[in-house]
Structures are given as structure tokens and as C-alpha cells.
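> generate coordinates for the sequence data below:
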Amino acid sequence: MKKLKLTRERQERFLKALAETGIVSAAVEIAGTSRMRVYELRKRDPAFAAGWEEAEERAADALEAGGLAACRRRGPRAAGERRQGRAGR
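I've put the predicted structure just below:
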């Protein structure tokens, strides 16, 4: 795939995808650009760098929330029961 100029629209698409996936390589593919272009822009554009940081925080928050939800579904004893099952092998 040809990597196109990192327009404002592609920058926004990249940041949205980064917030959703937390993965730079996936976000650049979605945005239609390259890792090199986004890393270069992050170095020279403070606003883009701030957007990147915010996107990473949103991705981390979503991952944390998903992990907490999974723990709540399993219940407080699930981790202990799992450990006991391994010890008995």
C-alpha cells in the first residue's frame, strides 16, 4: 500500500485508531500512513504529540476497564481457584 501524505484528516484518523487499538502499527494502517511519518510528526508538532499521549491514555483506560470487568464477571475467588487447580497437577 502506498503511504500517503499525513494530512490533518489522516492525523485525526491515526489518533482515533490509536485510542481504539493502542497499537501504532494498526493505527498507521487504518490511517493510510507510515510509522516513520507519525513518529516524525510527533517530534515536531506539540499538538499532535499531545493528541498521541491522550490517545494512548484512552487506550490504556479501555484496556484496564476491560480487565476489571472480566475480573468482576469471574468473581473474587476465581484467581485463587485457578491457582489451586494448577498446584494440584
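> use CA for all of it now, contacts and neighbours both
OK.
> for residue 18, report the pLDDT, please.
Predicted confidence (pLDDT) for residue 18: 95.
> what strand or helix carries the residue lying closest to it once chain neighbours are set aside?
Of all residues beyond its chain neighbours, the one nearest residue 18 is residue 27 (5.1 Å), with distances taken as Cα to Cα, 6 or more residues apart in numbering. Of the helices and strands defined by DSSP states H and E, residue 27 is found in helix 24-31.
> avg pLDDT for that helix?
Within the predicted structure, the mean pLDDT of helix 24-31 is 96.
> contacts for the helix or strand that that helix is followed by?
The helix or strand immediately downstream of helix 24-31 is helix 35-44, counting by DSSP H and E. Helix 35-44 is contacted by residues 6, 24-25, 28, 48-49, 52 when judged by Cα atoms under 8 Å, 6 or more residues apart in numbering.
> in the helix holding residue 27, what counts as buried?
By neighbour count with 16 or more other Cα atoms under 10 Å, helix 24-31 contains the buried residues 24-28, 31.
> kindly report the same for stretch 49-62.
Within stretch 49-62, the residues that qualify as buried by neighbour count (16+ other Cα under 10 Å) are 49, 51-53, 55-56, 58-60, 62.
> so for those, which is the shakiest by pLDDT?
Ranking those by pLDDT, residue 62 lands last with 76.
> from residue 73, how far off is that residue?
Computed with Cα to Cα, to the nearest Å, the distance linking residue 62 and residue 73 is 16 Å.
> what is the neighbour count of residue 21?
A count of neighbours around residue 21, defined by other Cα atoms under 10 Å, yields 19.
> which residue is the nearest non-sequential neighbour of it?
Leaving out its chain neighbours, the residue that sits closest to residue 21 by Cα to Cα, 6+ apart is residue 59, at 6.4 Å.
> that neighbour is in contact with residue 16, isn't it?
No. With the criterion set as Cα atoms under 8 Å, residue 59 and residue 16 do not qualify as a contacting pair; they are 9.8 Å apart.
> got the angle between the longest helix anywhere in the chain and helix 24-31?
Ranked by residue count, the top helix of the chain under DSSP state H comes out as helix 46-74. What separates the directions of helix 46-74 and helix 24-31 is an angle of 110 degrees, with axes from the mean of the first three to the mean of the last three Cα atoms, to 10 degrees.
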